[in-house]
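**Student:** quick check, what structure comes out for this input:
(chains A and B)
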Amino acid sequence: MTVPETPTGPRGDTMVAERAAEAPAATVPWVTIVWDDPVNLFSYVIHVFESYFRFPRERAERLTMQVHTEGKAVVASGSREEMERHVEAMHAYGLWASLEHQ
Amino acid sequence: MRRRVRRRRGQVELNLPDVEMELLASLVDQFIELLRPEAAPVAAPWPTFERPGLDDSDPVIQRLFPPAYRIDSEADAEYRRFAESDALRRKLTEAQQVRTLLDDVPPVVLDEAAIGALLRTLNALRLTLASRLGVVQPGDEAALAAVRRDDPRAAL
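**Tutor:** Numbers count the residues shown, from 1 in each chain, chains lettered A, B, ... in the order given. You can find the predicted model right below:
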């Protein structure tokens, strides 16, 4: 597996499932979950969602709020390899993330 | 007084007082020391060639390298086997980049890559300090807020 030197975003060939948080499709077996923690700043988590996943500001804010109020949020879904790459990037940013089989 | 952090044409200008630059440099030095494999005792008596010699019993290490698989420990071990040394190397490399720029004379101009390295390293420092203070899970911060004034943690 190749790992980019700095996790600036998904590779060009990576499809970021735009509607993952709302409705993970039954055909998409793996999800990336970000968990709430008492240290990471809201502004930082929003920045990570915007800069890594390229989410629009509004969506990044909504997901960050969901992490905080519900304790976790699904931020991406797709293949296991993709989700491992996302989790690795989230860990590089210091976010508490894991992947799960749907 | 000049602004400490100023955005300018996609770059950031860092203009911290000397004392803050020195404090940050000291924290980054300690962070680098913490992550150097030879600094941490290796749990197994034989050389673990696949895993970096990090002290897994340290809450800071647990927080900086959390499980990718929360339930399936076998899958997590397999994930760590190929991902952990890269993750460690990346954190160290970025911390060293940040440490180098803290030696510059302000204003220090950061390009996009340096901004990313600085943000991730500062965040890792926050996580490290919080873990040392026992603030890891949501709700832990309430217990910390309630510590007595003579508790050593109160100083922070």
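**Student:** do a quick rundown of the helices in the chain.
**Tutor:** Picking chain A for this. A:42-53, A:57-70, A:80-93 (DSSP state H).
**Student:** correction: the question concerned chain B.
**Tutor:** Taking DSSP H as the criterion, chain B carries its helices at B:18-35, B:59-64, B:73-101, B:112-132, B:140-145.
**Student:** any idea which of the ones you listed gets closest to A:Gly94?
**Tutor:** helix B:112-132 (4.3 Å; C-beta to C-beta). All C-beta spots, glycine's among them, are computed from the backbone N, C-alpha and C.
**Student:** model confidence over the closest one, on average?
**Tutor:** The average pLDDT within helix B:112-132 is 95.
**Student:** spit out the contact partners of B:Gln97.
**Tutor:** B:Gln97 makes contact with B:114, B:117, according to C-beta atoms under 8 Å, 6 or more residues apart in numbering or on different chains.
**Student:** what does B:Ala143 give?
**Tutor:** B:Ala143 is in contact with B:Gly134, counting by C-beta under 8 Å, 6+ apart.
**Student:** what would the helices of chain A look like in TSV with distance to chain B?
**Tutor:** Below are those laid out as TSV (distance: least, C-beta to the nearest C-beta, whole Å):
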stretch	distance to chain B
helix A:42-53	6
helix A:57-70	9
helix A:80-93	5
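**Student:** of all the helices of chain B, which one comes closest to A:Val74?
**Tutor:** Closest among the helices of chain B, using C-beta to C-beta: helix B:73-101, at 18.4 Å.
**Student:** just the mean pLDDT for stretch A:69-77, thanks.
**Tutor:** Throughout stretch A:69-77, pLDDT has a mean value of 97.
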